[in-house]
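Participant: when you get a sec, could you give me coordinates for this:
(one chain, ligands or ions: 1)
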Amino acid sequence: MMAQLQPPQSYPTRYWHQLDDGRIQCDICPRACKLHEGQQGLCFVRAREHDAIVLTSYGRSSGFCIDPIEKKPLNHFLPGTPVLSFGTAGCNLACKFCQNWDMSKSREMDTLAATAMPQQLAEAARHYGCRSIAFTYNDPVIFHEYAIDVAQACHEVGVKSVAVTAGFMCPEPRQEFYRYMDAANVDLKAFTERFYHKICGAHLAEVLDTLVYLKQETSVWFEITTLLIPGENDSSQELEDMSKWVVEHLGPDVPMHFSAFHPDWKMRDTPHTPPETLTRARNIAMKNGVRYAYTGNVHDSQGGSTWCASCGELLIERDWYRLGRWGLNEHGECRHCGAALPGVFESRPGNWGPRRQPVRIS
Ligand code: SF4
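Facilitator: The predicted model follows:
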């Protein structure tokens, strides 16, 4: 059968229900948008049309780029390999510090100038030698059906799928979504309800639910990222609470990334994160039992490299997104003491390097 190459204007969805007052509620994320005919949800890409909720961004993207997998960031998933990255428009959170606001806050379909149906994306990923495809720049939760179809098409050609997400999602679609994901980086944006509510327009509890779900119910490899914003989520107490929760509920082997904020969107008056804040966060996490804690968005080879949790040897050296010394054997174990490094590894690291290469699909 010939693959469809043109994106539909609106794509049918199934996570919604009719309310007694005539509105239709979207059940993809806990925002639970209740829509009259013709209205869009907060994410902008799900809308009510002809008494159903449709996805309006299926097959449309804001552009495609090949990145190192370390940029997602994933440090324990096929290190050194290229990942075809793309996003659409809109978002189901409203973070005042958004670092991708030109896409996620877009209300313009012009942002979605590039089109690519799932088979085209899978073929492009294979053609460029990408080992995985990443749904990133904005949250794939809101383009659920498109992301799943792309992941399935990619699996057919041996390409894995990666979700970069805030984890703010309802249980039923979450279950379906992660059946098709091989890896995820989940933002744990803070560890207070105040931050989630005031700065992101979301709730902490649902994000923690997603993390526990991933750990307990799936085999998806996942890592956690927290963007540390001075004065907002970087207190030692909050970092203590967060890292203790991670070890208690997810175990010591889920990597945590603490990355640097740059002033953006509605938080342009907040200063950059000092490198010492990232180091402090990493130290607190490791003191509390997190075995693999990283600093990100800064030049810090010590904090960006992977060290053996058993013997302390250097396992994967990183300088920004460039890999250096490799201390794993072909089974993903420490060459020095034989301890296995949790994650997804091949016999050798990839050699994509730090390059970022834009690509045209259509
Ligand atoms: S996915 Fe979009 S439309 Fe659905 S509840 Fe969330 S924000 Fe609203």
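Participant: residue 78 reaches residue 69, doesn't it?
Facilitator: Yes: counting by CB atoms under 8 Å, residue 78 does reach residue 69; the two are 5.7 Å apart. (C-beta placed from N, C-alpha, C; glycine too.)
Participant: and the gap between residue 96 and the ligand?
Facilitator: Noted for residue 96: a distance of 17 Å to the ligand, by CB to the nearest ligand atom, to the nearest Å.
Participant: so that residue sits right up against residue 199, yeah?
Facilitator: Yes: if you go by CB under 8 Å, residue 96 and residue 199 touch, sitting 5.2 Å apart.
Participant: quick one: which of these two has more around it?
Facilitator: The neighbour comparison of residue 96 against residue 199 (other CB atoms under 10 Å) goes to residue 199, with 21 against 17.
Participant: now do that one against residue 233, distance only.
Facilitator: 8 Å (CB to CB, to the nearest Å).
Participant: please apply the same query to residue 260.
Facilitator: 13 Å.
Participant: neighbour count winner among those two?
Facilitator: Per other CB under 10 Å, whichever of residue 260 and residue 233 has more neighbours is residue 233, with 24 against 19.
Participant: near the ligand, which residues of this protein show up?
Facilitator: Proximity of the chain to the ligand, by CB under 6 Å from any ligand atom, involves residues 26, 28, 29, 31, 32, 33, 41, 42, 43, 46, 92, 142.
Participant: go ahead and confirm the second one touches residue 15.
Facilitator: By that I understand residue 28. Yes: with contact defined as CB under 8 Å, residue 28 and residue 15 form a contacting pair (5.0 Å).
Participant: which residues do the two both contact?
Facilitator: Shared contacts of residue 28 and residue 15 (CB atoms under 8 Å, 6 or more residues apart in numbering): 144, 170, 173.
Participant: got a winner among those for most neighbours?
Facilitator: Neighbour counts for the shared contacts of residue 28 and residue 15 (other CB under 10 Å) peak at residue 144, which has 22 neighbours.
Participant: rewinding a little: who has more neighbours out of residue 78 and residue 69?
Facilitator: Taking neighbours as other CB under 10 Å, residue 78 and residue 69 compare with residue 69 leading, 28 against 23.
Participant: look up phi and psi at that one.
Facilitator: The phi and psi values for residue 69, taken as degrees, to the nearest 10, are phi -60, psi -30.
Participant: check which helix or strand covers residue 58.
Facilitator: Take DSSP states H and E as the rule and residue 58 turns out to sit in neither a helix nor a strand.
Participant: for the ligand, what's the nearest residue on the protein?
Facilitator: Nearest to the ligand in the chain, going by CB to the nearest ligand atom, is residue 41, at a distance of 2.1 Å.
Participant: pass me the low-pLDDT residue ranges in the stretch 101-250 of the chain, would you?
Facilitator: 101-113 (pLDDT under 70).
Participant: mind doing that once more with 50?
Facilitator: 109 (pLDDT under 50).
Participant: can you give me the strands in the stretch 51-200 of the chain?
Facilitator: Remark: strands assigned in the stretch 51-200 of the chain by DSSP state E, counting those that start in this stretch are 52-55, 60-61, 64-68, 82-86, 114-115, 132-135, 160-165, 183-187.
Participant: the fifth one pairs with which strands?
Facilitator: Going back to what we said before, that points to strand 114-115. If you go by DSSP bridges, strand 114-115 pairs up with strand 60-61 (antiparallel).
Participant: longest strand in the protein, please.
Facilitator: Ranked by residue count under DSSP state E, the longest strand found in the chain is strand 221-228.
Participant: return the set of buried residues in stretch 124-136.
Facilitator: Neighbour counts using 16 or more other CB atoms under 10 Å place 124, 125, 126, 130, 131, 132, 133, 134, 135, 136 of stretch 124-136 among the buried residues.
Participant: most widely separated two among those residues?
Facilitator: 126 and 136 (18.9 Å; CB to CB).
Participant: restrict whichever helix or strand comes after the longest strand of the chain to CA atoms and write it as PDB.
Facilitator: Scanning forward in sequence from strand 221-228 by DSSP H and E, the next helix or strand is helix 236-250. What follows is helix 236-250 as a C-alpha-only set of coordinates in PDB (Å, rounded to 0.1, in the frame of the first residue of the first chain):
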ATOM      1  CA  SER A 236      19.400  23.000  49.000                       C
ATOM      2  CA  GLN A 237      16.300  21.900  50.900                       C
ATOM      3  CA  GLU A 238      14.300  21.400  47.700                       C
ATOM      4  CA  LEU A 239      17.200  19.500  46.100                       C
ATOM      5  CA  GLU A 240      17.500  17.300  49.200                       C
ATOM      6  CA  ASP A 241      13.800  16.500  49.100                       C
ATOM      7  CA  MET A 242      13.800  15.900  45.300                       C
ATOM      8  CA  SER A 243      16.800  13.600  45.300                       C
ATOM      9  CA  LYS A 244      15.600  11.600  48.300                       C
ATOM     10  CA  TRP A 245      12.200  11.100  46.600                       C
ATOM     11  CA  VAL A 246      13.900   9.900  43.500                       C
ATOM     12  CA  VAL A 247      16.000   7.300  45.300                       C
ATOM     13  CA  GLU A 248      13.100   6.200  47.500                       C
ATOM     14  CA  HIS A 249      10.600   5.800  44.600                       C
ATOM     15  CA  LEU A 250      12.600   5.200  41.500                       C
END
